[in-house]
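Trainee: Need the 3D shape of this:
(one chain, ligands or ions: 1)
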Amino acid sequence: MNLLLLALLFVSSNVIAQAKPEGVEVRKSSFLLLPASTVERSAGQQYGQLMRAAQQKNALNRDPEQVQRLRRIARELIPHATRFNPNATKWQWEVNLISSKSVNAFCMPGGKIAFFTGILDALQLTDDEVASIMGHEIGHALLEHGRARMSEQVAKNIGISIAAIVLNLGQVSTEELAQAANLAVSLPYARSQETDADLVGLELAARAGYYPRAAVSVWKKMSQLSQKAGKGQPPQFLSTHPANEARIKQIEANLPRVMPLFEKERR
Ligand SMILES: [Zn+2]
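Mentor: Have a look, this model is predicted:
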C-alpha cells in the first residue's frame, strides 16, 4: 500500500466521520397516492373553514400575548423544517389560537397550525413545552403522515381502484377530500408515526434553541391530566396521543442526539 492510498483512506474515513448525521433519524411516509399539492390545498380549505367557523362563534382567540407567543415560537421552529421536508419552504404557514376547553393542537398538511386554549391552560405550558408540542405536530406534517392518511382514506372510501386515483384525480370529489382531511387530524396516527413526530419535534425544538427535555415534562403533564380525568372524558389530545412510559423512554433515549444542537443555540 502506498502513501497516496493511505492518504486517500484517511481522507475518506474522515469524510465518513464528518458525514455522520447529527440529530434524529425518521422514516418517510410510503403510501402517498394523492399529490402533495392536492392534499395541501384541501387541508388549507379545511383549515380556512375551521377558522371562519371559530370567528363566527367568537372563538378565534386574538389575545395578542398568547397569539404572538405561538407565532413567535412557530417562526423559530419553521426555518429548520426543510431538514425533514424540502417542500416546506413553499408552505403558507399559519398559526391560530382557538378559544376552547379542548386539550388539543394540530398542524395540518401544508403548515396550518392550530392550538386550543385548553391545552395551554390545562397543562400550563412553558415556551419550551409549547415548542415541543408544536414541533411534534409540525413533524406529522413534514413527514406527510396526513397525506398518507388521506391517501388511505380516499382509496378506501371511494372504493375506486388505486390506478384510477393515480391516473385521474378528477374522480375524487372535493367532499371526499374534505372528509379525508378531517379524518387526517381526528384519528390517531400509528405508533411509529407518533415516535417519528416526537423525534422531529425534539430536533426542531433543539435547533431553535428550545430545551428538548421539555418533551418529557409535556408527556408527564399529559399523563397526570389523563389520570385526573379518570374514566371520565379524557383530554382530546390524549385520545390521539397516548402518554405512556414507552413514549417518554423513547424521547429520553434520543435526547443525546439533539442536546448538542440545543447547546449550540442555547438562549
Ligand atoms: Zn402526534
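
Trainee: Could you point out which residue ranges in the stretch 51-200 of the chain have low pLDDT?
Mentor: 157-186 (pLDDT under 70).

Trainee: tell me the strands in it, going along the chain?
Mentor: Assigned by DSSP state E, counting those that start in this stretch, the stretch 51-200 of the chain shows strands spanning 94-98, 105-108, 112-116.

Trainee: wait, which of these is closest to the ion?
Mentor: Nearest to the ion, of all these, is strand 105-108, at 8.5 Å by CB to the ion. For glycine as for every other residue, the C-beta is placed from the backbone atoms N, C-alpha and C.

Trainee: Indicate each strand paired with the closest one and its parallel or antiparallel sense.
Mentor: Note on strand 105-108: by DSSP bridges, its sheet partners are strand 112-116 (antiparallel).

Trainee: who wins for proximity to residue 220 among the strands of the stretch 51-200 of the chain?
Mentor: Closest of the strands of the stretch 51-200 of the chain to residue 220 is strand 105-108, at 17.1 Å (criterion: CB to CB).

Trainee: near the ion, anything from the closest one?
Mentor: No. Strand 105-108 does not reach the ion (CB under 5 Å from the ion); its nearest approach is 8.5 Å.

Trainee: Can you tell me what sits against that strand?
Mentor: Outside strand 105-108, the residues that touch it by CB atoms under 8 Å, 6 or more residues apart in numbering are 43-44, 46-47, 113-116, 119, 133-134, 137-138, 140-141, 146, 181, 184-185, 237.

Trainee: Just the CA coordinates for that strand, please, in PDB.
Mentor: What follows is strand 105-108 as a C-alpha-only set of coordinates in PDB (Å, rounded to 0.1, in the frame of the first residue of the first chain):
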ATOM      1  CA  ALA A 105     -53.300  21.200  19.000                       C
ATOM      2  CA  PHE A 106     -52.600  20.200  15.400                       C
ATOM      3  CA  CYS A 107     -50.700  21.000  12.200                       C
ATOM      4  CA  MET A 108     -52.500  20.100   9.000                       C
END
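
Trainee: Return the residues of the stretch 101-250 of the chain in contact with the ion.
Mentor: 194, 197.

Trainee: Sketch out the helices for the stretch 51-200 of the chain, chain order is fine.
Mentor: With DSSP state H, counting those that start in this stretch as the criterion, the stretch 51-200 of the chain has helices at 64-77, 117-123, 127-142, 145-158, 162-167, 174-186, 191-207.

Trainee: Out of those, indicate the one that is most buried.
Mentor: helix 127-142 (a mean of 26; mean count of other CB atoms under 10 Å).

Trainee: Would you mind confirming that residue 28 is in contact with residue 143?
Mentor: Yes. Between residue 28 and residue 143 there is a contact under CB atoms under 8 Å: 6.9 Å.

Trainee: These two: who's more crowded?
Mentor: Shown here are residue 28 and residue 143; by other CB atoms under 10 Å, residue 143 has more neighbours (22 against 11).

Trainee: State the distance from the more buried one to residue 225.
Mentor: Distance from residue 143 to residue 225, counting by CB to CB, to the nearest Å: 26 Å.

Trainee: repeat for residue 85
Mentor: Distance from residue 85 to residue 225, by CB to CB: 31 Å.

Trainee: same question, residue 156
Mentor: In terms of CB to CB, residue 156 sits 33 Å off from residue 225.

Trainee: now do residue 210
Mentor: 21 Å.

Trainee: Those two: who's more crowded?
Mentor: Per other CB under 10 Å, whichever of residue 210 and residue 225 has more neighbours is residue 210, with 29 against 18.

Trainee: Can you name the residues that contact the more buried one?
Mentor: Neighbours of residue 210 in contact, by CB under 8 Å, 6+ apart: 73, 76, 77, 127, 128, 131, 132, 135, 262.

Trainee: which secondary structure element contains the last one?
Mentor: So that's residue 262. Assigned by DSSP states H and E, residue 262 belongs to helix 245-265.
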